[in-house]
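Asks: Let's see this in three dimensions:
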Amino acid sequence: MAADDEGRGKAIQYFLFAASVGLEAVIIYLATNIYSVGLAGLSSTVGSTNAISTIVAMLFLNGMYLAVIQYASQFAEKLTGGH
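Replies: All right, here's what the predicted structure looks like:
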(Lines give C-alpha, C1' and ligand atoms only; values in the text may rest on other atoms or scores of the structure.)
Protein backbone atom coordinates (compact mmCIF):
# COMPACT_ATOMS: atom_id res chain seq x y z
CA MET A 1 0.00 0.00 0.00
CA ALA A 2 1.11 3.51 -0.64
CA ALA A 3 2.28 5.51 2.34
CA ASP A 4 0.76 8.79 1.25
CA ASP A 5 -2.75 9.84 2.23
CA GLU A 6 -4.21 9.67 -1.27
CA GLY A 7 -3.09 6.08 -1.80
CA ARG A 8 -4.35 5.09 1.64
CA GLY A 9 -7.69 6.72 0.90
CA LYS A 10 -8.02 4.80 -2.36
CA ALA A 11 -7.19 1.55 -0.58
CA ILE A 12 -9.83 2.20 2.06
CA GLN A 13 -12.38 3.02 -0.64
CA TYR A 14 -11.50 -0.22 -2.43
CA PHE A 15 -11.96 -2.32 0.71
CA LEU A 16 -15.24 -0.60 1.55
CA PHE A 17 -16.45 -1.23 -1.99
CA ALA A 18 -15.44 -4.89 -1.73
CA ALA A 19 -17.26 -5.19 1.60
CA SER A 20 -20.31 -3.54 0.08
CA VAL A 21 -20.36 -5.97 -2.86
CA GLY A 22 -19.91 -8.93 -0.52
CA LEU A 23 -22.74 -7.79 1.72
CA GLU A 24 -24.96 -7.25 -1.31
CA ALA A 25 -24.23 -10.81 -2.47
CA VAL A 26 -25.14 -12.19 0.96
CA ILE A 27 -28.42 -10.24 1.00
CA ILE A 28 -29.36 -11.47 -2.48
CA TYR A 29 -28.41 -15.04 -1.55
CA LEU A 30 -30.65 -14.92 1.52
CA ALA A 31 -33.48 -13.39 -0.50
CA THR A 32 -33.16 -16.15 -3.11
CA ASN A 33 -33.36 -18.83 -0.43
CA ILE A 34 -36.43 -17.21 1.14
CA TYR A 35 -38.02 -16.89 -2.31
CA SER A 36 -37.41 -20.57 -3.09
CA VAL A 37 -38.91 -21.61 0.26
CA GLY A 38 -41.94 -19.45 -0.51
CA LEU A 39 -42.31 -21.01 -3.95
CA ALA A 40 -42.01 -24.50 -2.50
CA GLY A 41 -44.70 -23.71 0.06
CA LEU A 42 -46.88 -22.21 -2.62
CA SER A 43 -46.51 -25.19 -4.95
CA SER A 44 -47.55 -27.57 -2.18
CA THR A 45 -50.81 -25.67 -1.60
CA VAL A 46 -51.77 -24.89 -5.20
CA GLY A 47 -54.23 -27.77 -5.46
CA SER A 48 -56.05 -26.89 -2.26
CA THR A 49 -56.51 -23.14 -2.79
CA ASN A 50 -58.30 -21.09 -5.39
CA ALA A 51 -56.59 -19.36 -8.30
CA ILE A 52 -56.96 -15.82 -6.96
CA SER A 53 -55.07 -16.51 -3.74
CA THR A 54 -52.34 -18.28 -5.71
CA ILE A 55 -51.99 -15.29 -8.03
CA VAL A 56 -51.87 -12.88 -5.09
CA ALA A 57 -49.24 -15.01 -3.36
CA MET A 58 -47.11 -15.13 -6.52
CA LEU A 59 -47.39 -11.37 -7.00
CA PHE A 60 -46.37 -10.82 -3.38
CA LEU A 61 -43.38 -13.18 -3.63
CA ASN A 62 -42.21 -11.64 -6.90
CA GLY A 63 -42.63 -8.10 -5.58
CA MET A 64 -40.73 -8.77 -2.39
CA TYR A 65 -37.93 -10.55 -4.25
CA LEU A 66 -37.61 -7.72 -6.76
CA ALA A 67 -37.58 -5.10 -4.00
CA VAL A 68 -34.85 -6.88 -2.06
CA ILE A 69 -32.66 -7.26 -5.14
CA GLN A 70 -33.24 -3.65 -6.17
CA TYR A 71 -32.45 -2.13 -2.77
CA ALA A 72 -29.70 -4.54 -1.66
CA SER A 73 -27.01 -2.48 -3.37
CA GLN A 74 -28.13 0.80 -1.83
CA PHE A 75 -28.49 -0.78 1.61
CA ALA A 76 -25.06 -2.40 1.47
CA GLU A 77 -23.40 0.84 0.34
CA LYS A 78 -25.04 2.86 3.11
CA LEU A 79 -24.16 0.25 5.72
CA THR A 80 -20.49 -0.03 4.77
CA GLY A 81 -19.91 3.46 3.42
CA GLY A 82 -18.49 2.03 0.18
CA HIS A 83 -19.24 3.76 -3.13
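Asks: Now the residue nearest the centre of the chain. Its backbone dihedrals?
Replies: By Cα atoms, centre = their mean, the chain has its centre lying nearest to residue 28, at 3.0 Å. The phi/psi pair for residue 28 (degrees, to the nearest 10) reads phi -70, psi -40.
Asks: contacting residues around it?
Replies: 68, 69, 72 (Cβ atoms under 8 Å, 6 or more residues apart in numbering). (Each C-beta comes from the backbone N, C-alpha and C, glycine too.)
Asks: Is it possible to mark the buried ones in these?
Replies: 68, 72 (16 or more other Cβ atoms under 10 Å).
Asks: what's the closest of the contacts of residue 28 to residue 20?
Replies: residue 72 (10.0 Å; Cβ to Cβ).
Asks: burial measure for residue 52, as a count.
Replies: Residue 52 has 8 neighbouring residues, counting by other Cβ atoms under 10 Å.
Asks: One more: residue 41?
Replies: Using other Cβ under 10 Å: residue 41 sits among 11 other residues.
Asks: Count the neighbours of residue 51 for me.
Replies: Number of residues near residue 51 (other Cβ under 10 Å) recorded here: 8.
Asks: do you know how far it is from residue 62?
Replies: 16 Å (Cβ to Cβ, to the nearest Å).
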